[in-house]
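# Make a model of this:
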Amino acid sequence: MQAGILGITDDLIDEPAVTTGKKGGGVTIASEAITYLSGETEIYEGTAAGHVDTTKQFVETAVSSDGDIIDIFTSSEPARREVAVDFTADLTADPGFVAVSSTDGEFLWEHLSAAKDTWIERAVIDLNSFAGALEDEDADVWQVGEEQASENGYVSIDYHDAAHPPSGGSHVVQLGFVYPWNSTVVRGTITESGYVAVYAGATQAATWGRWLREEVLPHVALPEGPTCDRCGNEPERGLKDGLCIVCRDRADEDGSEA
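Presented below is the predicted three-dimensional model:
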């Protein structure tokens, strides 16, 4: 089985290697390069360790002389938590992608965004488009999750015999599929919010990466990069303290704060 939350880049990467070693910001990566696509390119898989911001909760109680609890006090403070995730990355793709095993993996997206001078964020996948592409692939649908139009909105999920190919007017948020691909049969599930899992047919790193590249990437929405807090533009050279280089210079000149 292969599974991950898909993060995609907002542009092409000049240096696509994801190498092993201790990186900046307390990130450590252990990776393996695997050649695929007939030897034309490499995909990287491995484990990354780092830290994520969290909140530490404290609970105190006030007790009477009789031992009864008379009050409860709660407080919190910022904290850092050590995390580790598995990942699969192909930064030569268009767009490049980094699939991580849990939402904790956002720290890896942030690290690679800075290291590769790009912007990586969680993919949004157009499942109506994905389902449409399967119509010519002799595919079976075993799971369909649709967002129902109502005042509050809710998601209905049907399985197996109750599942049906999505109609053009429905908003599909999850799709389970089985179809022939690359001399095998791929079975998996995919969500609009970027989670993808393959249970059979593309479970080796090289075929998993190729399947994502060929079958999923054509249906993702490209992310928008971060914008300057002052001018609202998306800078080519990145941000510092929320400002582009032009607005930083102006702030330095007039002594104003970000």
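
# rest of the way, CA atoms for contacts and neighbours
OK.

# Show me what counts as buried in stretch 83-95.
84, 85, 86, 87, 88, 89, 90, 91, 92, 93, 94, 95 (16 or more other Cα atoms under 10 Å).

# go on, stretch 39-55?
Buried-residue list, stretch 39-55, by 16+ other Cα under 10 Å: 42, 43, 44, 45, 46, 47, 48, 49, 50, 51.

# ok, those residues vs residue 134, which is closest?
Distance to residue 134, by Cα to Cα, is smallest for residue 43 among these, at 25.1 Å.

# Surely the closest one forms part of a strand?
Yes: according to DSSP: H, G, I helix; E, B strand; the rest coil, residue 43 belongs to a strand.

# Lowest-scoring secondary structure element of this structure by mean pLDDT?
Within the chain, judged by mean pLDDT, DSSP states H and E, the helix or strand with the poorest mean is strand 154-159; its value is a mean of 67.

# Which other helices and strands does the helix or strand where residue 71 lies contact?
If you go by DSSP states H and E, residue 71 is part of strand 69-90. Contacts defined by 3 or more Cα pairs under 8 Å, 6 or more residues apart in numbering; DSSP states H and E place strand 69-90 against strand 41-63, strand 97-100, helix 205-211.

# can you pull the contacts of residue 82?
49, 50, 51, 52 (Cα atoms under 8 Å, 6 or more residues apart in numbering).

# One more: residue 14?
residue 116.

# could you check the distance from it over to residue 218?
21 Å (Cα to Cα, to the nearest Å).

# Check residue 207 too.
From residue 207 to residue 218 the distance is 17 Å (Cα to Cα).

# what do you get for residue 253?
45 Å.

# In terms of neighbours, single out the busier of these two.
In terms of neighbours (other Cα atoms under 10 Å), residue 218 is the more surrounded of residue 253 and residue 218; the figures are 16 against 9.

# burial count for the nearest residue to residue 58 once chain neighbours are set aside?
The shortest distance from residue 58 to any residue other than its chain neighbours is 5.1 Å, reached at residue 75 (Cα to Cα, 6 or more residues apart in numbering). Residues contacting residue 75 under the criterion other Cα under 10 Å number 10.
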